[in-house]
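Participant: I'll drop the sequence and a predicted model, then ask my questions.
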Number of protein chains: 2
Amino acid sequence: MSPPVKFRIGLCGLGTVGQGVWKHFAAKRAELESRLGVKLEIARVAVRDRRKRRGVNIPADRICGDAIAVATDPNLDIICELIGGTTLARDVTLAALACGKVVVSANKALICAHGAEIFETARRHGGHFLFEASVAGGIPLIKALREGLVANRFPLIYGILNGTCNYILTKMEEQDAPYTAVLGEAKRLGYAEADESLDVQGWDTAHKAAVLTFLAHGTWVKPEQMIVEGIDRITPEDFKNAAALGYGIKLLAVIARDFTTGELSVRVHPTLLPESHVVAKVSGVFNAVSVQGDVAGTTLYIGRGAGQDATASAVISDLVDAVGLLKNDRRAFITARKGSAPARPERACRLAPPEHIRGRYYLRLTVRDEPGVLAQIATAMADQQVSIASVIQRAQEPAGEASLVLTTHQSDERAIRATLARLARLRCLLGKPLLLRIGDFSE
Amino acid sequence: MSPPVKFRIGLCGLGTVGQGVWKHFAAKRAELESRLGVKLEIARVAVRDRRKRRGVNIPADRICGDAIAVATDPNLDIICELIGGTTLARDVTLAALACGKVVVSANKALICAHGAEIFETARRHGGHFLFEASVAGGIPLIKALREGLVANRFPLIYGILNGTCNYILTKMEEQDAPYTAVLGEAKRLGYAEADESLDVQGWDTAHKAAVLTFLAHGTWVKPEQMIVEGIDRITPEDFKNAAALGYGIKLLAVIARDFTTGELSVRVHPTLLPESHVVAKVSGVFNAVSVQGDVAGTTLYIGRGAGQDATASAVISDLVDAVGLLKNDRRAFITARKGSAPARPERACRLAPPEHIRGRYYLRLTVRDEPGVLAQIATAMADQQVSIASVIQRAQEPAGEASLVLTTHQSDERAIRATLARLARLRCLLGKPLLLRIGDFSE
C-alpha cells in the first residue's frame, strides 16, 4: 500500500479561537488521522505580532507574519481564516479560494458582508468554503440544515444566536439588575467585548441570521434589510411585566418564509416567549435554534454558541469535511453538495413588506400621570387598527410620571410603526417607547 | 457536458415509513436532483403483499414481491431496508452490501443485533451502511455525533429515545391517570404498537442506546449487558412523589464513559429529572438527546423521534449522502469516514462493574402499616451502606398498608441491588419495590 496522503493546513489568526484550534487539533490529531486514513499537519500559522506571548507552543519556523503568503502557499491545502473582521480576512479568504483551496471560516460578519463574492470565487476556482463555526459555535447546526435536513424546506427558523445577550438577559432577570450593571459584570468576566455594541444592538445576531437565511433559502439578506433591535433599552421592570403576563424575554432571530407567496422576513429583536417554551429555559451563554422543517417537523438545537473550545470543535469538524472534499478533488471531482455552491438554488424569494409581518406587541411607555393620557394613547392605537389586549399602569418615580405597559392583539409591523410615530407626537409621552415582540411559536 | 449520472434506488418495505419515503422523495426529487447534479429514481419497490391497497400511487411495473431480488438487482445503486425485524431485513441488508451497494436503514433492532456483521460485510465488499433514521427520527443526531462533533470524545450521552414512552409518561403526569388507561389511549391514537412490550419495557430504547454507543465509543454493547428497566410499573403516585421532591420522570438512556479508567456503562431506566432541567420539559412523542463532548461542551437535540414524516426526512438525508459516496466510488475511491467502517476505532473499553455505577435512588415500597417497619427497612439499607436522604410515608388503601418512598444519598448499583434482595426477605414488605434512578445531570 502507498503511504497515507498528507494534507497541510494553514492557520491565519492566533487569537482565542486560533489557539483553541491549535490546542484541540494537537490533542485529537492522531485519532483523526486514524479515522480518515490520511496525515494532517498545521504546517504554517500567520500572526499579526510574532513576538506576542501566547498560551500555545508553536515551533518558531511555522510562524510567519504574512497571512496572504500563507493563504496562497502552494504547499497548503486548507486555510483556516480566524483573523476576524472583513478586510484582511476577506483578502485571505478570496486569495486562498482563488488558489482552489478549502477555506474554513468562523467569520459570520465576513460571510454576511461578502458571502456572494466568496461563494462565487470558490465556484469559479474549484475552491470550497466551510463555515460551521460561524453560527451557534459548538452546535453542528450548519451541517443539520445543509445535510441532515436536506429533505426539508424551512417555513420558520428562530432562536437565540448570541450568548453575550442571553447571558445579560438571564442575569438581569435572575438578579433583578439593571442592564448597565450586568453588562459591566459580563465585561469583567470576559462574556462581553470591550465594545459591546455589535452584540447588544443585535448586529452579531443579524450576521448569523443572514448566514442561516442563505443556507435555508439560498438568498442573501443584508442586516439593513432586516428589522434589527437590541437589548440595551430593556429594564428589570420589563422582566417583571413579562413575568406577570407569563413570559420571559429572549433576543431572537426569526427567519420566516411563506412558501405560498414566496415572501421572506428576517428579523432580530427582543421577544416575549411563554415561560413554558423550551427556548425560554435556555439561559446564560447558551444558544438555542428551533428549525421547523416541512418533513421532519420541528427540531431544536441547544449548545454553547461561542468560546474557544466550542468554536474549535466546529472548525475541526470542517477540517475533517475539508479532507473529504480534497480526497475527492484529487480525483478531479468537484462535489456540488458542500462548500462550493449555495446550499439551496436561489428561488423566487422576496422580502415581505411590513404589513405582512404580523404579530402581537408589548409596548412600554413612560407618560405624564395626568387625566386623559390613556384615552389619548388608546385613540392613537385605535386609529391604526391596533387593538389593545392588556394594560398595566403603575405610578413611578419621579412623581408625576407613570409607566404604562400595553400588549396588543394581532397586528403588523406597518401598523405598529405608524402607531409609534403617532405616539411620538403626543405631549403626554415622556421619552421613547420600548417595543417588544411577543413570540407565538408553537415550539 | 455529459448528461447527469442517474442513481437508482430500491425500496424494500412499504409500510408507514416506506410510504413516507416514497411520498416525500416524489415531492422533493426535482430539488434534490438540481442540488446534487444527478438524476434519482426509486426504480423498484419490494412489498410482502402486492395486492394490498396503500396510500401511495406506485407504477405496477416497479413493484415486486421479492426483496432479495431487489437487494441484489445490479441496476440498483442504493437499497432502503424498511422492512423491520431482524430476519428478512438482515438477509436483504447483507445481500445488498455483498453487492457493494449502499444500504440505508431505519432498523435499530437489526443494527443492535447484527451491527458488527453488517459493518464487516460492508467493509469487505466496499458497500456502505447508513442509518440516520434508526435513532431519534427527524433529528440529525447520527450525523452530529459522527461528523459535526468529530473532534469530541463523549463522556456522557443521555436522553429520551422512545416517543411512545415519553407520550405515556407525559399523559400520566398531566392527567393523573394510571399507566394502563394511558397505554390504551396511546394504542387508540396509534402512538403505541398493538404489542407495546418492546417500547414500554425499554428494549427499543436499549437498541438505540446500542447504536449510539457504537457511534460514540466504537464498541457493541448488547441490551442484555445493560441495565434495562421499563415504565410499566410507574404509578400516578410516583409522579406526585417526584413532584414533591422537585422532579419529573423520564425514561432515559444513559451512556457514560470514564476516559481515565476506560469504563463504560450503558443503561435504560425511568429517571427522576429536576423539573428545571430542559429535558424534563420535553413532552409527548418528542425525543431529546444531550451529548457532552470534551471539546464542544454539552449540546442538546430535540425533535420527533419517530413517525412517517420525521423518519422519511432522515432516510432521504441518507439517500443524499449515499449519492455522495457513490459519486466518489465511481472514481474508485472508498471513503473511510462514513458508512463503511465503525465511526470510532474500537478502544480499550470495558463495561463498568455495578459498584462503579454510582447515583442516587428513589425507592417506593408497599409495606404493612405496623410498628417497626421503618426501622427494619432502614436497617436493611444501612447494612448495605445505603444512606437515606428523605422519607415520605403515607397510609394507603386497603387499610393496614402504607406507601413508603425513600430517596438515597449517593450509592451504587451493587449496593442498591443487594438492598433490594435484602428487602425482599422482609415480612413487612408487600409486593415488589419500585426502584427509580435520580438523574444528577448538570444539563
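Facilitator: That came through fine.

Participant: following the helix or strand hosting A:P270, which helix or strand shows up next?
Facilitator: Assigned by DSSP states H and E, A:P270 falls within strand A:263-274. Elements were assigned by DSSP H and E; along the chain past strand A:263-274, the next helix or strand is strand A:286-293.

Participant: any idea how chain A splits into domains?
Facilitator: Domains of chain A are assigned by automatic domain parsing as A:6-137+A:308-329, A:141-304, A:358-438.

Participant: helix/strand/coil for the closest residue to A:G307 other than its chain neighbours?
Facilitator: In space, and not counting its chain neighbours, A:G307 is closest to A:G137: 6.6 Å by CB to CB, 6 or more residues apart in numbering or on different chains. For glycine as for every other residue, the C-beta is placed from the backbone atoms N, C-alpha and C. Assigned with DSSP: H, G, I helix; E, B strand; the rest coil, A:G137 falls in the coil class.

Participant: burial of A:G137, as a residue count?
Facilitator: The number of residues packed around A:G137, counting by other CB atoms under 10 Å in any protein chain shown, is 32.

Participant: Over to A:R29?
Facilitator: Neighbours of A:R29 (other CB under 10 Å): 15.

Participant: tell me which strands and helices the helix or strand where A:G184 lies is in contact with?
Facilitator: Assigned by DSSP H and E, A:G184 belongs to helix A:179-188. Judged by 3 or more CB pairs under 8 Å, 6 or more residues apart in numbering or on different chains; DSSP states H and E, helix A:179-188 is in contact with helix A:163-175.

Participant: which element is A:G303 on?
Facilitator: Per DSSP H and E: strand A:297-304 holds A:G303.

Participant: Going by neighbour count, list what's buried in the helix holding A:G184.
Facilitator: Within helix A:179-188, the residues scored as buried using 16 or more other CB atoms under 10 Å in any protein chain shown are A:179, A:182-183, A:185-186.

Participant: what do you get for stretch A:55-69?
Facilitator: By neighbour count on 16+ other CB under 10 Å, the buried set for stretch A:55-69 is A:58, A:63, A:67.

Participant: Next: stretch A:23-39.
Facilitator: So, applying 16+ other CB under 10 Å, buried residues of stretch A:23-39: A:23-25, A:28, A:32-33, A:35-36, A:38.

Participant: Show the end-to-end separation of stretch A:384-399, please.
Facilitator: 31 Å (CA to CA, to the nearest Å).

Participant: and what of stretch A:216-229?
Facilitator: Its start and end residues considered, stretch A:216-229 measures 22 Å (CA to CA).

Participant: can you list contacts of that stretch?
Facilitator: With contact meaning CB atoms under 8 Å, 6 or more residues apart in numbering or on different chains, stretch A:216-229 is reached by A:112, A:115-116, A:145, A:154, A:157, A:201-203, A:205-207, A:209-210, A:213-214, A:255, A:257, A:264-270, A:342-347, A:349, A:351, A:357, A:413, A:435.

Participant: Report the buried members of those.
Facilitator: For the contacts of stretch A:216-229, a burial check counting by 16+ other CB under 10 Å picks out A:112, A:115, A:145, A:154, A:157, A:201-203, A:205-207, A:209-210, A:213-214, A:255, A:257, A:264-270, A:342-344, A:349, A:357, A:413, A:435.

Participant: From these, which land in strands?
Facilitator: Counted as lying in strands by DSSP state E, out of the buried ones among the contacts of stretch A:216-229, are A:157, A:255, A:257, A:264-270, A:435.

Participant: quick one: which of the residues you listed is nearest to B:Y361?
Facilitator: B:Y361 lies nearest to A:I157 out of these, by CB to CB, at 41.3 Å.

Participant: Surely that closest one and A:L212 touch.
Facilitator: Yes: taking contacts as CB atoms under 8 Å, A:I157 lies within contact range of A:L212: 5.9 Å.

Participant: Contact residues of the stretch 1-150 of chain A facing chain B?
Facilitator: Applying CB under 8 Å from any CB of the partner chain, one finds that the stretch 1-150 of chain A approaches chain B through A:24, A:28, A:31-32, A:34-37, A:132, A:137-140, A:143-144, A:147-150.

Participant: ok, 10 Å please
Facilitator: For the stretch 1-150 of chain A, the residues in contact with chain B (CB under 10 Å from any CB of the partner chain) are A:20-21, A:23-25, A:27-28, A:31-32, A:34-38, A:132, A:136-150.

Participant: Could you list which of those belong to helices?
Facilitator: Per DSSP state H, helices hold the following members of the residues of the stretch 1-150 of chain A next to chain B: A:20-21, A:23-25, A:27-28, A:31-32, A:34-36, A:141-143.

Participant: Next, A:A95: phi, psi?
Facilitator: phi -60, psi -40 (degrees, to the nearest 10).

Participant: so who does it touch?
Facilitator: Residues in contact with A:A95 (CB atoms under 10 Å, 6 or more residues apart in numbering or on different chains) are A:67-72, A:79, A:101, A:103, A:121.

Participant: repeat for A:C349
Facilitator: A:213, A:217-219, A:221, A:257, A:259, A:262-264.

Participant: Distance check, it against chain B.
Facilitator: According to CB to the nearest CB, to the nearest Å, A:C349 and chain B sit 14 Å apart.

Participant: And A:I231, by the same measure?
Facilitator: Look at A:I231 and chain B: by CB to the nearest CB, they are 22 Å apart.

Participant: So that residue, which state does it fall into?
Facilitator: coil.

Participant: Quick check: neighbours shared by A:I157 and A:L212?
Facilitator: A:141, A:145, A:253, A:255, A:266, A:289, A:291.

Participant: how long is stretch A:429-442 from one end to the other?
Facilitator: OK, stretch A:429-442 end separation, CA to CA: 35 Å.

Participant: ok now that stretch, how far from the chain's centre?
Facilitator: Computed by CA atoms, centre = their mean, to the nearest Å, the chain-centroid distance of stretch A:429-442 equals 21 Å.

Participant: which residues does A:V104 contact?
Facilitator: Counting by CB under 10 Å, 6+ apart, A:V104 touches A:9, A:11, A:21, A:78-82, A:96, A:128-133, A:314-319, A:321-322, A:339.

Participant: list the buried ones in stretch A:14-21?
Facilitator: The neighbour-count check on stretch A:14-21 (16+ other CB under 10 Å) flags A:14, A:16-21 as buried.

Participant: err, stretch A:417-432, not the other one
Facilitator: Buried residues in stretch A:417-432 (16+ other CB under 10 Å): A:418-420, A:422-423, A:428-429.

Participant: ditto for stretch A:401-421
Facilitator: Those would be A:402-408, A:411-413, A:415-416, A:418-420, for stretch A:401-421 by 16+ other CB under 10 Å.

Participant: export that stretch as CSV, just CAs?
Facilitator: C-alpha atoms of stretch A:401-421 as CSV (Å, rounded to 0.1, in the frame of the first residue of the first chain):
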residue,chain,number,x,y,z
GLU,A,401,-44.8,60.1,35.9
ALA,A,402,-46.4,56.7,35.2
SER,A,403,-45.3,53.6,33.4
LEU,A,404,-47.9,52.2,31.0
VAL,A,405,-47.5,48.7,29.6
LEU,A,406,-49.8,47.7,26.8
THR,A,407,-50.0,44.4,24.9
THR,A,408,-51.8,44.2,21.6
HIS,A,409,-53.8,41.6,19.8
GLN,A,410,-52.6,40.5,16.3
SER,A,411,-51.3,43.5,14.3
ASP,A,412,-48.5,44.1,11.9
GLU,A,413,-45.2,46.0,11.6
ARG,A,414,-46.7,48.7,9.4
ALA,A,415,-49.5,49.4,11.9
ILE,A,416,-47.2,49.3,14.9
ARG,A,417,-44.7,51.6,13.4
ALA,A,418,-47.4,54.1,12.4
THR,A,419,-48.7,53.9,16.0
LEU,A,420,-45.2,54.6,17.4
ALA,A,421,-44.9,57.6,15.0
